[in-house]
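K.L.:
Coordinates only, no sequence provided:
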């Protein structure tokens, strides 16, 4: 069959799946038509542009058969060639036929757009002929679905399948290989640090807090920020309560990563820098976050449990301090509080002292941040 019959229920199911999977987020360029492709993804091996998924027969997938679409979703190979691992086909391979068919039916219903995305700009060695095929032979092995207890089956389907959470919250190996499988051990992506998601990393949050957060609520003042705010606003807020609960149950059952074999480094924050950071916190932060860093009135988030402070990467704390943040406005949090920016008030050395002090105070003996780190990382915003 070349098309899926125009079943309204099937189209609506596809729309719901596309929302969870953030299909429009990746396949829509800034200012472009929905699903017309052209969004740039800057990777270590070059810039990749997403493809046109609209039913335009020349520029999109309007003349694709259902079997072609299934093959591209499951194997990352289409009539246009081998797909970059930016496309999470390893996750979509876990989708049942019924879900892929629903997605195809929904995409057939969106407005056609005669738009041709730019050609990928690959760098050596990815630019060599056959490089992507060689990468697949060396590094890609289809990963069978993880065994999940019946209570976690739906959560596993969302996290490992359509939600492809490991694309941001996982780590990759040599040449962006999925060396760690589907482990959600955290990592830097699109200029932010996506924190680890497992029983250990979520233990500071009360039962139900993760599900509420995913659906757009501010839990004790903690709301999504950075790229995650976009994901919640555009996609995850539409999770129904049962699916959000299933995702939380699944994540809380994941084991922590194996302990590092590296000897811990005993970092020490210079006294002068710490005194400067303490003063800056009292002058700029304590009124909202509290002298003890535990937040206030359920409106202003605690820093003692914030992954931006306690996590392994300081980049989120740097960017939040410089540019501020606002959570997504959702039915669960219609009037989100705003974190004001301090880039106009604090120097790079000030931000370094403040972030270093807070991470030393409430983190796990992290390396101090320098003014050079603030300058280098503060402007990173890969789109």
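P.N.:
Here it is on my side, so go on. All values reported here derive from a predicted model rather than from experimental measurement.
K.L.:
Going by C-alpha atoms from here, please, whenever you check contacts or count neighbours.
P.N.:
Noted.
K.L.:
can you tell me which residues contact the most centrally placed residue in the chain?
P.N.:
By Cα atoms, centre = their mean, the chain has its centre lying nearest to residue 168, at 4.1 Å. By Cα atoms under 8 Å, 6 or more residues apart in numbering, the contact list for residue 168 reads 186, 187, 188, 189, 194.
K.L.:
just checking, which of those belong to strands?
P.N.:
Mapping the contacts of residue 168 onto strands (DSSP state E) picks out 187, 188, 189, 194.
K.L.:
For the second one, the count of nearby residues, please.
P.N.:
The local packing count at residue 188 equals 16, with neighbours defined by other Cα atoms under 10 Å.
K.L.:
Surely it and residue 172 touch.
P.N.:
No: assessed by Cα atoms under 8 Å, residue 188 is found out of contact with residue 172, at 10.3 Å.
K.L.:
And the ones in strands among the contacts of residue 168, which is closest to residue 201?
P.N.:
The closest of the ones in strands among the contacts of residue 168 to residue 201 turns out to be residue 194 (Cα to Cα; 11.9 Å).
K.L.:
how far away is the closest one from residue 316?
P.N.:
Residue 194 sits 9 Å away from residue 316, going by Cα to Cα, to the nearest Å.
K.L.:
For those two, work out which one has more neighbours and name it.
P.N.:
Taking neighbours as other Cα under 10 Å, residue 194 and residue 316 compare with residue 194 leading, 28 against 23.
K.L.:
Residue 48 belongs to a helix?
P.N.:
No: assignment of residue 48 by DSSP: H, G, I helix; E, B strand; the rest coil gives strand, placing it outside any helix.
K.L.:
ok, it - how many residues close by?
P.N.:
By the measure other Cα under 10 Å, the count of residues near residue 48 is 23.
K.L.:
How about the contacts made by it?
P.N.:
Taking Cα under 8 Å, 6+ apart as the definition, contacts of residue 48 comprise 40, 41, 42, 84, 86, 119, 120, 121, 122.
K.L.:
can you give me the helices for the stretch 51-200 of the chain?
P.N.:
Secondary structure of the stretch 51-200 of the chain (DSSP state H, counting those that start in this stretch): helices located at 66-75, 89-92, 97-107, 131-139, 153-156, 166-169.
K.L.:
Next: the stretch 251-383 of the chain.
P.N.:
271-284, 286-289, 307-310, 315-323, 348-362, 371-377.
K.L.:
Residue 94: which of the ones you listed is closest?
P.N.:
Across the helices of the stretch 251-383 of the chain, closest to residue 94 is helix 307-310 (Cα to Cα), at 29.8 Å.
K.L.:
helices or strands next to the closest one in the packing?
P.N.:
Helices and strands touching helix 307-310, by 3 or more Cα pairs under 8 Å, 6 or more residues apart in numbering; DSSP states H and E, are helix 315-323, helix 348-362.
K.L.:
how about 10 Å then?
P.N.:
Packing partners of helix 307-310 (3 or more Cα pairs under 10 Å, 6 or more residues apart in numbering; DSSP states H and E): strand 192-194, helix 315-323, helix 348-362.
K.L.:
Give the rounded mean pLDDT of that helix.
P.N.:
Mean per-residue pLDDT for helix 307-310: 92.
K.L.:
And the lowest-mean-pLDDT helix or strand in the chain, what's buried?
P.N.:
Across the helices and strands of the chain, mean pLDDT, DSSP states H and E gives its lowest value to helix 131-139, namely a mean of 82. For helix 131-139, the neighbour count (16 or more other Cα atoms under 10 Å) marks 132, 135 as buried.
K.L.:
which residues are in contact with it?
P.N.:
Applying Cα atoms under 10 Å, 6 or more residues apart in numbering, the contact partners of helix 131-139 are 76-77, 81-85, 124-126, 140, 173-179.
K.L.:
mind running it again at 7 Å?
P.N.:
82, 125, 126, 177 (Cα atoms under 7 Å, 6 or more residues apart in numbering).
K.L.:
I'd like those written out as JSON lines, with distance to residue 153 added.
P.N.:
Listed next are those as JSON lines, based on distance: Cα to Cα, whole Å:
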{"residue": "82", "distance to residue 153": "31"}
{"residue": "125", "distance to residue 153": "40"}
{"residue": "126", "distance to residue 153": "37"}
{"residue": "177", "distance to residue 153": "26"}
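K.L.:
can I get these in a markdown table with pLDDT, distance to residue 96 and neighbour count?
P.N.:
Formatted as a markdown table, those follow (pLDDT from 0 to 100; distance: Cα to Cα, whole Å; neighbours: other Cα atoms under 10 Å):
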| residue | pLDDT | distance to residue 96 | neighbour count |
| --- | --- | --- | --- |
| 82 | 86 | 22 | 16 |
| 125 | 84 | 35 | 12 |
| 126 | 83 | 31 | 18 |
| 177 | 70 | 24 | 17 |
